[in-house]
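*Asks:* Take this sequence and fold it.
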Amino acid sequence: MSTTKTNVFILGATGVLVDNAAGAFAGETIYDDANPAQIETLAPSQPHRIVDLELLKGDAAGYVKTYIVLPSTIYGLALNKLVKLGIQNPHSIQIPALIDASLDRGEGGMIGQGKNIWPNVHIDDVADLYIILYDSIKTNPATGHGREGIYFGENGEHTLYEVGKAVSEALVEFGKSKNPEPTTFSKEDIDKYFGVGREPLSFEYAVTLFYFVGL
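*Replies:* Numbering: from 1, shown residues only. Down below sits the predicted model:
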């Protein structure tokens, strides 16, 4: 009977860190992927978390070695054969979903005052993260896995006001709006564009549900 453990890569997302700021404030907690004890304080009810916990149980029991990569808001375009074949999306969904909503309502939007902060990362850096992690697994048996094998993909951050402002200015430039400042999404806007009718609600959480529930 083989005792070799299977290496399992899991693509998660930093949506697991989402709070309910509703644009009113910037969260004070800075999560550190090198601090497994802090990560373990995340509630099972957080997005993605229930799946991560089951996988981590398998690692702890010795069945597999798990490596959970959590990219943040990915920017940049994917350029590969899968995109050309129409199998893979060329970009992530968060900002495009906001752009689509803003185009339809004729001005840029945000939840509340847009003070909530979210990390971001370029798509090429996410690819590099996977390559570096894979190479480390192959050459270094001490590479962290399980509760010590959670890896954030991020190299910057933005507020949702900054995103809404950039969208608003672009709409004005292209003659789609007259207002260069983002305005607050109403409850009706949230229901219409993100399929979620609950308050208070952060934009990130709305889009997380939009994506994973398939609304």
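
*Asks:* For the rest of this, base every contact and every neighbour count on C-alpha atoms.
*Replies:* Will do.

*Asks:* mean confidence for the longest strand seen in the chain?
*Replies:* Determined from DSSP state E, the single longest strand within the chain is strand 64-71. Throughout strand 64-71, pLDDT has a mean value of 94.

*Asks:* Now do Ile95 against Val8, distance only.
*Replies:* Distance, Ile95 to Val8, by C-alpha to C-alpha, to the nearest Å: 29 Å.

*Asks:* picking up where we left off before, show me which positions of the longest strand of the chain end up buried.
*Replies:* When burial is assessed from 16 or more other C-alpha atoms under 10 Å, strand 64-71 yields the following buried residues: Val64, Lys65, Thr66, Tyr67, Ile68, Val69, Leu70, Pro71.

*Asks:* tell me what the helix or strand just after it is packed against?
*Replies:* Following strand 64-71 in sequence order, the next helix or strand is strand 73-75 (DSSP states H and E). Strand 73-75 makes packing contacts with strand 117-122 when contacts are defined by 3 or more C-alpha pairs under 8 Å, 6 or more residues apart in numbering; DSSP states H and E.

*Asks:* Could you list the paired strands of the strand it packs on along with their orientation?
*Replies:* Here strand 117-122 is paired, per DSSP bridges, with strand 73-75 (parallel), strand 156-159 (antiparallel).

*Asks:* which one of the ones you listed has the most crowded surroundings?
*Replies:* Greatest average neighbour count among the strands paired with strand 117-122 goes to strand 73-75 (a mean of 20), per mean count of other C-alpha atoms under 10 Å.

*Asks:* which other residues reach that one?
*Replies:* His91, Ser92, Gln94, Trp118, Pro119, Asn120, Val121, His122, Ile123 (C-alpha atoms under 8 Å, 6 or more residues apart in numbering).
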